[in-house]
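Engineer: structure, please.
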Amino acid sequence: MSKGKAIIFSAPSGAGKTTIVRHLLSVTEFHLSFSVSATSRPIRGHEINGKDYFFISPEEFRTRAEAGDFLEWEEVYKDQYYGTLHAEIERIWSEGKNVIFDVDVIGGLNLKKHFGNNGFAVFVQPPNIEVLRSRLHNRSTEAAEKIAVRIAKAQEEMSYSPQFDYVLINDQLEIALQDAERIVREFLQS
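Structural biologist: Model prediction:
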């Protein structure tokens, strides 16, 4: 099987990585396909199993991790696992496409290590923590306590940004989308 390239987008929750990844998927010249991660967290109202995530129980996740089904995985919150299935990457590359990831920060660093020069890791950073807090609050998907946990985690995650290939500041979305297109184009042409 021929290998494509791997583009990895990581960020604290609410920084805008999913919006940026969805935009890049619409740029046909990039031949991108989204890597659907597996998770044991509960499905949110608008999500679709197999499209947004592969939703599995914590027990099944642990069993599959022990069996070696994951390229990388981690317990992000208590009993909430996230991971990348080997089979998902093989599926995308067998279609002759490049894979794009929307993953948490530690997962992004693990993928960067795995793919080496064949991967490009981008850290999407909010302009500051207050903007991030406002974005999470405006999503209205979680209670205030959960947002507080995400903010604390975001502060820790932002300390990892220098380990990524590129830090993309998402202050004004249109500019961030243009920057994302430019850096992905440069990587794919290299």
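Engineer: how about low-confidence regions in the chain?
Structural biologist: Scanning the chain for pLDDT under 70 picks out 1-2.
Engineer: could you pull out the helices for it?
Structural biologist: Per DSSP state H, the chain carries helices over the ranges 17-25, 58-66, 86-94, 105-115, 129-139, 144-158, 173-189.
Engineer: what angle separates the longest one from helix 17-25?
Structural biologist: Right, the one you point to is helix 173-189. When axes from the mean of the first three to the mean of the last three CA atoms, to 10 degrees is applied, the directions of helix 173-189 and helix 17-25 differ by 60 degrees.
Engineer: can you point out the buried residues in helix 173-189?
Structural biologist: Counting neighbours by 16 or more other CB atoms under 10 Å, one finds that the buried residues in helix 173-189 are 176-177, 179-181, 183-184, 187-188. All C-beta atoms are positioned from the backbone trio N, CA, C, and that covers glycine.
Engineer: repeat that for stretch 50-70.
Structural biologist: Of the residues in stretch 50-70, 52-56, 61-62, 64-65, 69-70 count as buried by neighbour count, 16+ other CB under 10 Å.
Engineer: kindly report the same for stretch 81-92.
Structural biologist: Of all the residues in stretch 81-92, those buried under the rule 16+ other CB under 10 Å are 81-85, 88-89, 92.
Engineer: ends of that stretch, what's the gap?
Structural biologist: Length of stretch 81-92, first residue to last, CA to CA, to the nearest Å: 22 Å.
Engineer: now do stretch 33-44
Structural biologist: 22 Å.
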